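Visitor: Provided below are the primary sequence and the corresponding predicted coordinates.
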Amino acid sequence: MSLISKERLRAYVKLIRLDKPIGILLLLWPTLWGIWLATEGTPDAMILFIFIAGTILMRSAGCAINDFADRRIDPHVERTKNRPLAAGMITAKEVVAVAIGLSFCAFLLVLPLNTLTLQLSVCALFLAGTYPFTKRFFAMPQAYLGIAFSFGIPMAFAAQTGELPPIVWVLLVANVLWVIAYDTEYAMVDRADDLKIGIKTSAITLGRYDIIGIMLCHSFFLGIMTYVGWVLQLGLLYYLSLGVVVALVIYQYQLIKDRKPPGCFKAFLHNNWVGTSIFAGIALDSLIKIPF
């Protein structure tokens, strides 16, 4: 009985990808950018905890929703055929229950926050719940994912300041471009399987222009983040972090230029360092102001 319980627990951990935290990190970094920029580096401790815990819960719920939506597709894709639902380790009803339970817990977390943040949380939940189904009809589902993965930015500003200044939407657009770039790298890994099954992805839509599209998204992302630094009068350390990101993006190009799946997947994972670098620049700038 104990062995069965351990196997079931492992299946749930795999379902919500706690064994692969890259998705949580890529969702968390822009949220932390928003919190630090909204407060000039002095976030409220309770709000910070709520957003970190909420990010983990909602990313986990999103994984469960994604696997439910792809339950008839995943068994035919090499990379996903061993996921718990696809492999028959857990049932579709269990997956739905996990998704609902995690989403409810995330909603409970934001209840102490202001009305604007609560309203935005409903939008965020809608985006997270509907994204997995966009692969059936939308040529660029990565753009929809980008909006879903960027909603922590307006929520962070709303929670900390009760307002949504124009710079929020500039940051959101920048993050959407970054998400399109790294998730297209991810989609390049599964392109052969996705073509057979009929799923729509940016890697398929862009075709032979996939690498150009990724690099353009990265470039516009960096350009907009430079503009954000100018508007918010950030200092030298922030711009140095953007310089580090330029080097990281050049390295990603080296990984994806041959379009080999292992290199594309490594480039996708490498984006954690992009998010880390920008957060480090924002955080250090708030502590040590060096004019640029």
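Guide: It's in.

Visitor: only C-alpha atoms for contact and neighbour calcs from this point on.
Guide: Noted.

Visitor: any low-confidence regions in the chain?
Guide: 1-4 (pLDDT under 70).

Visitor: For it, just list every one of the strands.
Guide: For the chain, strands defined by DSSP state E do not occur.

Visitor: Just give me the longest helix of it.
Guide: Scanning the chain for the longest helix, with DSSP state H as the assignment, gives helix 261-287.

Visitor: now for it, which elements pack on it?
Guide: If contacts are counted by 3 or more C-alpha pairs under 8 Å, 6 or more residues apart in numbering; DSSP states H and E, helix 261-287 sits against helix 22-39, helix 166-189, helix 236-256.

Visitor: Minimum distance to Glu78: which of those has it?
Guide: When the helices and strands packed on helix 261-287 are ranked by proximity to Glu78, the top entry is helix 166-189, at 10.2 Å, counting by C-alpha to C-alpha.

Visitor: Pull out the buried residues from that closest one.
Guide: Within helix 166-189, the residues that qualify as buried are 167-168, 171-189, counting by 16 or more other C-alpha atoms under 10 Å.

Visitor: And for stretch 198-206, what's in contact with it?
Guide: Residues outside stretch 198-206 that contact it (C-alpha atoms under 8 Å, 6 or more residues apart in numbering) are 135-142, 180, 184-185, 187-188, 191, 194-195, 210, 213.

Visitor: Same check on stretch 230-244?
Guide: Outside stretch 230-244, the residues within contact range by C-alpha under 8 Å, 6+ apart are 222, 225-226, 229, 277-278, 280-282, 284-285, 289-292.

Visitor: and the end-to-end length of that stretch?
Guide: Terminal residues of stretch 230-244 are spaced 18 Å apart (C-alpha to C-alpha, to the nearest Å).

Visitor: Distance from it to the middle of the chain?
Guide: Its chain's C-alpha centre and that of stretch 230-244 lie 22 Å apart, by C-alpha atoms, centre = their mean, to the nearest Å.

Visitor: Give me the buried positions along it.
Guide: 234-239, 241-242.

Visitor: got the residues you listed as a markdown table, with distance to Cys264 columns?
Guide: Shown next, in a markdown table, are the buried residues of stretch 230-244 (distance: C-alpha to C-alpha, whole Å):
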| residue | distance to Cys264 |
| --- | --- |
| Leu234 | 33 |
| Gly235 | 33 |
| Leu236 | 32 |
| Leu237 | 30 |
| Tyr238 | 28 |
| Tyr239 | 27 |
| Ser241 | 23 |
| Leu242 | 22 |
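
Visitor: follow-up on the earlier one: I'd like the helices and strands packed on helix 261-287 as JSON lines, with distance to Leu269 appended.
Guide: Formatted as JSON lines, the entries for those read as follows, by distance: least, C-alpha to C-alpha, whole Å:
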{"stretch": "helix 22-39", "distance to Leu269": "7"}
{"stretch": "helix 166-189", "distance to Leu269": "8"}
{"stretch": "helix 236-256", "distance to Leu269": "10"}
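
Visitor: Compare these and give me the one nearest Gly101.
Guide: Distances from Gly101 to each of the helices and strands packed on helix 261-287 were compared by C-alpha to C-alpha, and the smallest falls on helix 22-39, at 17.8 Å.

Visitor: between that closest one and helix 166-189, how many degrees?
Guide: Angle of helix 22-39 versus helix 166-189, following axes from the mean of the first three to the mean of the last three C-alpha atoms, to 10 degrees, is 170 degrees.

Visitor: Give me the residues contacting helix 22-39.
Guide: In contact with helix 22-39 (C-alpha under 8 Å, 6+ apart) are residues 41-43, 48, 51-52, 55-56, 59-60, 149-154, 156-157, 160-161, 168, 175, 269, 271-272, 275-276, 278-279, 282-283.
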